[in-house]
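**Q** dropping a prediction and its sequence here:
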Amino acid sequence: MKKAALALAIFAMLAGFARAKSNVDALLETAQELINKGDYEKALETFDKALCMDPPKKVVFDILLNMADLEFDRLERPEDALKHLLMAKNLYPERHKRMDEVYYRLGLVYEKLGRYVDAAKSFETVATKYRKSKYFNDALDGVERCFRKNFKEYVAVAGGEPITRLEFDERLENIPPFFRSRYESEEGKKELLDRMIDEILITKEAEARKLYLLADVRKELEQERSKVLQRQLFEKEIREKVKVPEKEIVKYYRENREKYKSPARVTFRRIVVKDRKTAEEVLKKARAGEPFDSLVAEYSVARDAKSGGLMQNLTKGSEPKALVETGFKLKEGQISDIIALDDTAFAIIKVVRKEPTHYKSLDEVRSQIEGNLKSKLEMQKWEEFRKALRKKYGVQYVEDLKKEAEEVLEKSGRKVEDKKTEGKEKKE
């Protein structure tokens with residue numbers, strides 16, 4: 001009897017655990033649904049209820065991170081996010097395999113709060129103690145950002161937020177060269193600094209007025225957030241992972257070698273004059289050894305005289321035909337006879353360079369081939385990834401749902417129209 005009672009007690013305890021686990025899972029699913037709907041406050045309340053059910057430490061850890069993310073990313077409340085992160089930090093020792101997730105978030109929150117020293121320390125912890133962390137590179141960027149904020153050479157402090165010399169110089173460097181000269185004078189630098197100050201203060205005022213809570217603002221922020229996240233997912237999941245094997249590059253080059261066939265080309269200098277007598281005089285001087293480019297500058301009436309009459313990389317069939325055809329018949333360094341273009345124009349050319357028909361080497365076109373193959377492979381992998389996401393999260397089209405409903409009703413011997421009619425009759 002005692003053994004039976006003990007067994008019943010153990011069974012009841014296990015059943016209690018199972019019910020508690022089931023209730024926690026249900027609350028977590030509800031919280032996720034609320035997040036998807038954008039009801040973040042209710043999602044936080046639901047997470048709180050789940051915590052009150054005393055779930056396992058791992059679940060508590062996940063809940064606290066989720067709550068911190070909601071407070072920081074969705075509700076713009078970094079102070080509350082910090083509370084949840086500090087609670088999560090106390091759950092495990094520092095070297096625990098998932099603590100990089102806490103420290104990286106702490107860095108972001110401290111940075112948002114203007115606590116740049118604390119932020120730098122948190123980012124540094126990730127970068128030094130969790131070298132295999134997915135946040136490793138981002139943590140290094142965070143350390144650099146905070147270093148700039150902690151750098152003592154400030155150029156201004158706007159609303160309590162410092163603008164360092166490093167930040168100002170970087171902003172100046174990022175201006176396209178064509179426009180940069182405008183900001184390199186003392187007046188221009190003052191204009192750029194004032195613009196940076198205005199950006200900080202206007203943003204602070206918009207945040208103080210909680211404009212991020214307005215429906216149209218939230219919609220725009222969500223759209224931008226979605227674009228950034230999609231781009232980053234593509235970068236991390238596809239672009240950084242897709243590599244084109246060398247054998248594929250070689251194979252493509254061999255199978256498509258004709259694409260990289262370079263036609264014969266000729267480059268020459270020309271002198272164009274208006275009468276044959278002048279042409280004969282010029283030809284005589286050229287063949288006597290006078291510098292051809294000097295003769296171009298002295299005699300040629302063509303527009304390209306200022307550039308030495310140079311006509312480069314012309315293929316067969318290029319214009320002017322008479323000159324190109326002659327160029328292909330001559331050797332490098334050879335001077336042509338007088339070429340009559342029409343009754344009022346005569347030309348003499350000197351061939352500078354000739355290139356025979358040839359195939360570009362693999363080294364010449366490797367980066368081009370690799371880029372093309374990589375783009376195709378990325379699109380293929382992205383399509384596969386998108387299909388996998390549809391399976392993971394599920395997709396239902398309204399039309400399909402309607403068809404399913406109709407099939408169910410038909411199997412029961414009724415039609416959708418009958419159902420609608422029945423509804424109307426009940427109302428009547």
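**A** Received it, and whenever you're ready, just let me know what you need.
**Q** per-residue pLDDT, the residue most central in space within the chain?
**A** Compute the mean C-alpha point of the chain, and by CA atoms, centre = their mean the closest residue is residue 231, 5.0 Å away. As predicted, residue 231 sits at a pLDDT of 94.
**Q** run through who's touching the one helix or strand it maps to.
**A** Using DSSP states H and E, residue 231 maps to helix 215-234. Helix 215-234 is touched from outside by 38, 211, 212, 382, with contacts defined as CB atoms under 8 Å, 6 or more residues apart in numbering. The way it works is simple: take the backbone N, C-alpha and C, and place the C-beta from them, glycine included.
**Q** list buried members of these by neighbour count.
**A** Using 16 or more other CB atoms under 10 Å as the burial test, those include residue 382 as buried.
**Q** just the contacts of helix 215-234 now: which is nearest residue 243?
**A** Closest approach to residue 243 among these (CB to CB): residue 382, at 15.1 Å.
**Q** just how off-centre is the helix or strand where residue 284 lies within its chain?
**A** If you go by DSSP H and E, residue 284 is part of helix 276-287. Distance, stretch centre to chain centre, for helix 276-287: 61 Å (CA atoms, centre = their mean, to the nearest Å).
**Q** and it, what does it pack against?
**A** strand 265-273, helix 292-299, strand 345-355 (3 or more CB pairs under 8 Å, 6 or more residues apart in numbering; DSSP states H and E).
**Q** so what are the domain limits for the chain?
**A** 2-205, 216-261+361-396, 264-356 (automatic domain parsing).
**Q** weakest of the ones you listed in terms of mean pLDDT?
**A** When the domains of the chain are compared by mean pLDDT, domain 2-205 comes last with a mean of 86.
**Q** if we can go back for a sec, after the helix holding residue 231, which helix or strand is next? Please name it.
**A** Using DSSP H and E, the helix or strand that follows helix 215-234 in sequence is helix 246-255.
**Q** strands paired with whatever helix or strand comes next after that following helix, and their directions?
**A** The helix or strand immediately downstream of helix 246-255 is strand 261-262, counting by DSSP H and E. Looking at strand 261-262 with DSSP bridges, its partner strands are strand 358-359 (antiparallel).
**Q** how far does the partner strand sit from its chain's centre?
**A** Its chain's C-alpha centre and that of strand 358-359 lie 37 Å apart, by CA atoms, centre = their mean.
**Q** please apply the same query to stretch 182-200.
**A** Relative to the chain's own centre, stretch 182-200 is displaced by 28 Å; criterion: CA atoms, centre = their mean.
**Q** now do stretch 193-205
**A** 26 Å.
**Q** check stretch 327-342 too.
**A** 53 Å.
**Q** between the contacts of helix 215-234, which is nearest residue 405?
**A** The closest of those to residue 405 turns out to be residue 38 (CB to CB; 27.7 Å).
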